[in-house]
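[1] below are the sequence and a predicted model for it; my questions follow.
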Amino acid sequence: MAGTWIQAAVLPAHPALHAALNDHLRQRHGGQNFKATPANEYRAHLEDLNGDRSLDALVLMLGRNWGGTGGQTMFIFKGVERGFKVVSRMTCVSLPAQGAICLMHERNKNWRDLAIRVSGGGAKAKFVRMRFDGARYPLNPTVRPPMADWPEGDWVLASGDATRKALAAGHTHFAGVLGKTTRFQMGLDHKQGHVTGQYFYEK
């Protein structure tokens, strides 16, 4: 008798946030055909963003339904007594593997400024500052002016500790193998929007 494979569901790391996200999506895109977004279709970072000692959350949506060449949709949640509530939606946020988001040290209306990396859609890569206005963050980072200096703060939703450390230091480092035998390393330094660096390889 042939067996049937059933894919196991991915359990959310933060059940209250997961429930709040899907409640929000149900209200915006609800209906009889609404399907809850599984935990493997978004990435989340929890941190106190507004200094009230409650965890807030950045939720970066993954997949084609939530973005395009310009980037992905991100929701910002405020931690409340019984869970989370949405305070902002942001579009055109680069995927986390590129180190897209820096929680900056500066604040506005108690909320930390966000440095967002934007690229794609024909635009050159840049970081822009997104400031809370008392009600929400700006919607579209691609229309904001580029920052003059490299962002300083806490890097989140980046891919791995090495990437976070490189971003925090203001530079990027790549290492890998070209073909079967050539090893290479490349280091890039970022300063006031300019990128310089060097590379070497060994056969």
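    Everything's here; your move.

[2] would you map out the domains in the protein?
    As recorded under automatic domain parsing, the domains making up the chain are 15-169, 171-203.

[3] columns mean pLDDT and mean neighbour count on top of the ones you listed, output as JSON lines?
    The way it works is simple: take the backbone N, C-alpha and C, and place the C-beta from them, glycine included. Output for those, formatted as JSON lines (pLDDT from 0 to 100; neighbours: other C-beta atoms under 10 Å):
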{"stretch": "domain 15-169", "mean pLDDT": "87", "mean neighbour count": "17"}
{"stretch": "domain 171-203", "mean pLDDT": "50", "mean neighbour count": "11"}
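
[4] for this structure, just list every one of the helices.
    15-29, 161-168 (DSSP state H).

[5] show me what the longest one is in contact with.
    Meaning helix 15-29. Outside of helix 15-29, the residues within contact range by C-beta atoms under 8 Å, 6 or more residues apart in numbering are 12, 34, 36-37, 39, 42, 44, 46, 57, 59, 75, 77, 83-86.

[6] between these, which sits nearest L157?
    Distance to L157, by C-beta to C-beta, is smallest for A44 among the contacts of helix 15-29, at 8.4 Å.

[7] so who does the closest one touch?
    By C-beta under 8 Å, 6+ apart, the residues touching A44 are 13-14, 17, 57-60.

[8] again, but for G153
    Neighbour list for G153: 102-105, 112-113, 115 [criterion: C-beta under 8 Å, 6+ apart].

[9] I'd like the residues you listed laid out as JSON lines, including distance to M90.
    Output for these, formatted as JSON lines (distance: C-beta to C-beta, whole Å):
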{"residue": "C102", "distance to M90": "14"}
{"residue": "L103", "distance to M90": "14"}
{"residue": "M104", "distance to M90": "15"}
{"residue": "H105", "distance to M90": "20"}
{"residue": "R112", "distance to M90": "14"}
{"residue": "D113", "distance to M90": "13"}
{"residue": "A115", "distance to M90": "12"}
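
[10] identify those among those residues that sit within strands.
    Cross-referencing these against strands under DSSP state E gives 102-105, 112-113, 115.

[11] closest to G71 out of those residues?
    Nearest to G71, judged by C-beta to C-beta, of the ones in strands among the contacts of G153 is A115 at 14.0 Å.

[12] list the contacts of the closest one.
    For A115, the contacting residues are 101-102, 104, 127-130, 147, 151, 153, by C-beta under 8 Å, 6+ apart.
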